[in-house]
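*Asks:* The following comprises the amino acid sequence and a computationally predicted model.
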Amino acid sequence: MDLYQLRTFVAAADARSFSRAARSLSLSQSAVSRQIEALEESFGLALFTRGGRSAELTEAGERLLAYAQNILRQASEAQEALRELRELEAGELVVGATTTPARYLVAPAMVHFADQHPKVTLRLVVGRADELANALFEGSVHLALISGPVVRPSLFLEPCMGDRLVLIAPRDHPLVGREGVEPRDLFGERLIVAPEGGCERAAVDEFIESHGLHQGLRMWELDDTETIKQAVGAGGGIAFISELAAQVEECGALIAPIKGPNLAIQRQFFLAYSKTHRQSPAALSFAALVRKLRTRSEVQMLRS
């Protein structure tokens, strides 16, 4: 018994005719008959009752049919799995990310992925969530990690890993080391923020709005997290940054956290991918890697 014989048997069973099976398989009717006879000889049982213009399954044939269909299905799945494995040995994977996931989550994940699949060409595209949503729709980016949800019917958004924005200050700031700092204690401070339009800025603006701090804070915009950390360390003010960024920095010699029960801003990272574009094996494999990163310590392990 081999797969070729089983395919012929299933075709004949479906068609209830050796001649129709022969046409569907592009074989001669005698070739189909020989394959069926070989199967019957190997089992010592008749699989069809031959008579008239149709070929009906015997009890043995009915029992074999279910097994044969399952075997052929599993063989097809095995071929597909191995084909996908071959495809992981070549090709290009373009991953998009908003700034914080790009630097502190996607970059170490890409290094890990490259070690596992060195022949896949990797490219990282950093942008705002709306820009990445457009790129996913167009197919120029295969999947993306974003810091906040975007409403696009063409995208799947899968919650990935939680994050917090924590408040940092110069190490000699009077609020550093003080217990139970509340949002109202921030009145009069200079808060360094990212430019408008990004996910982090939106989260900080929501915090300011919810605690009525609009009139009590002086705002200073800087381009990115690293620049903001440098400014804080130089005594320029206080800032909310991702806990991932704070852990990588370990708050440094010049920066320290301001701690309070109501100061951290909770948020979510999302894995985004298109509903209309087929995901390549490389994209599926990278998404599976990212899904495993449920905690900040797991992200740190990728760096070690």
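*Replies:* Received it, and whenever you're ready, just let me know what you need. Numbers count the residues shown, from 1 in each chain.

*Asks:* residue ranges with poor pLDDT in the stretch 101-250 of the chain?
*Replies:* By pLDDT under 70, the weakly predicted segments of the stretch 101-250 of the chain are 247-250.

*Asks:* run the last query once more with 50
*Replies:* Low-confidence segments of the stretch 101-250 of the chain (pLDDT under 50): 250.

*Asks:* Tell me where it has helices.
*Replies:* For the stretch 101-250 of the chain, the helices defined by DSSP state H, counting those that start in this stretch occupy 107-116, 129-138, 199-210, 225-233, 243-249.

*Asks:* Ok, which of those helices comes nearest residue 273?
*Replies:* helix 129-138 (6.5 Å; Cβ to Cβ). In short, each C-beta sits where N, CA and C put it, glycine included.

*Asks:* Now do that closest one: which elements does it pack against?
*Replies:* The criterion is 3 or more Cβ pairs under 8 Å, 6 or more residues apart in numbering; DSSP states H and E, and the helices and strands that helix 129-138 contacts are strand 92-97, strand 143-146, strand 155-170, strand 265-274.

*Asks:* at 6 Å instead, please
*Replies:* Secondary-structure packing of helix 129-138 (3 or more Cβ pairs under 6 Å, 6 or more residues apart in numbering; DSSP states H and E): strand 143-146.

*Asks:* which residues touch the strand it packs on?
*Replies:* Here strand 143-146 makes contact (Cβ atoms under 6 Å, 6 or more residues apart in numbering) with 96-98, 101, 106, 129, 132, 136, 269-270, 272-273, 283, 287.

*Asks:* Show me what that strand pairs with in its sheet, parallel or antiparallel.
*Replies:* The strands beside strand 143-146 in its sheet (DSSP bridges) come out as strand 92-97 (parallel), strand 265-274 (antiparallel).

*Asks:* Can you name the residues in contact with the first one?
*Replies:* In other words, strand 92-97. 106, 120-126, 132, 135, 141-142, 144-145, 282.

*Asks:* now do stretch 10-25
*Replies:* 28, 29, 32, 33, 54, 55, 57, 65, 68.

*Asks:* Which members of the residues you listed are the farthest-apart pair?
*Replies:* Spatial extent of the contacts of stretch 10-25 (Cβ to Cβ) is set by the pair 28 and 65 at 22.9 Å.

*Asks:* Compare the two and say which is more crowded by neighbours.
*Replies:* More crowded of residue 28 and residue 65, by other Cβ atoms under 10 Å: residue 65, with 17 against 12.

*Asks:* possible to save the strands paired with strand 143-146 as TSV with distance to residue 238, mean neighbour count and mean pLDDT?
*Replies:* Shown next, in TSV, are the strands paired with strand 143-146 (distance: least, Cβ to Cβ, whole Å; neighbours: other Cβ atoms under 10 Å; pLDDT from 0 to 100):
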stretch	distance to residue 238	mean neighbour count	mean pLDDT
strand 92-97	26	22	94
strand 265-274	13	20	91
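
*Asks:* and residue 114, which of those is closest to it?
*Replies:* Nearest of the strands paired with strand 143-146 to residue 114, taken as Cβ to Cβ: strand 92-97 at 9.7 Å.

*Asks:* and the closest one with helix 107-116, angle?
*Replies:* On the basis of axes from the mean of the first three to the mean of the last three Cα atoms, to 10 degrees, strand 92-97 is oriented at 160 degrees to helix 107-116.

*Asks:* ok, back up a step: now the strands paired with strand 143-146 as a markdown table including distance to residue 38?
*Replies:* Below are the strands paired with strand 143-146 laid out as a markdown table (distance: least, Cβ to Cβ, whole Å):
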| stretch | distance to residue 38 |
| --- | --- |
| strand 92-97 | 46 |
| strand 265-274 | 47 |
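
*Asks:* Indicate which one of those strands is closest to residue 158.
*Replies:* With Cβ to Cβ as the criterion, residue 158 lies closest to strand 265-274 of these, at 4.4 Å.
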